[in-house]
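Trainee: Just need the structure, nothing else, for what follows:
(one chain, ligands or ions: 2)
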Amino acid sequence: MCIFCKIVQGEMPSNKILENDDFLAFHDIFPKAPIHIIIIPKEHIENFQLTPPDVMQKITPFIQEVAKLLELDQSGYRLITNNGKDGGQEVPHLHFHLLGGTKLSWPQLAQDSAKKAL
Ligand code: AMP
Ligand code: ZN
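Mentor: Ligands and ions are numbered 1, 2, ... in the order given. Presented below is the predicted three-dimensional model:
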């Protein structure tokens, strides 16, 4: 069982923010911003690429509710999902990083320079 499934099952502790029948939001254990929340479906789905559209439809208002609860809905936030090896995904259970609480920078994410598109 993956670590996020263990959190869902209560076999591993987490600092929960919000929960309903389908989704769970909890604090990231190694926060990369003043507010760093992990949002997951309770069902084990490996990554975004394998996610059925109806899950995205249902998780959207849940994420919006988490943002409101943390009073980030007006100030803004960043929502990230890392997908697979090159995306830097470490936990193989679909999750969204909700980051905020400060003005976030837009870092260079790779050493390789971008291919010229134009
Ligand atoms: P990713 O690299 O996109 O797969 O992100 C995995 C995230 O899960 C990282 O930001 C970790 O800090 C976080 N994480 C790993 N284990 C736990 C845990 N037990 N509780 C809360 N967050 C965790
Ligand atoms: Zn899982």
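Trainee: Centre-most residue in this protein?
Mentor: residue 96 (1.5 Å; C-alpha atoms, centre = their mean).
Trainee: Next, work out how far apart it and residue 31 are.
Mentor: 15 Å (C-beta to C-beta, to the nearest Å). C-beta here means a position set from N, CA and C on the backbone, and glycine is covered the same way.
Trainee: And residue 1, by the same measure?
Mentor: 24 Å.
Trainee: got it, and residue 97?
Mentor: Residue 97 is 10 Å from residue 31, by C-beta to C-beta.
Trainee: repeat for residue 17
Mentor: Taken as C-beta to C-beta, the span from residue 17 to residue 31 is 13 Å.
Trainee: Neighbour count: those two, which is higher?
Mentor: residue 17 (18 against 13; other C-beta atoms under 10 Å).
Trainee: what's downstream of the lengthiest helix in the chain, the next helix or strand?
Mentor: Counting residues, the longest helix found in the chain (DSSP state H) is helix 53-69. Toward the C-terminal end, the helix or strand that comes next after helix 53-69 (DSSP states H and E) is strand 78-80.
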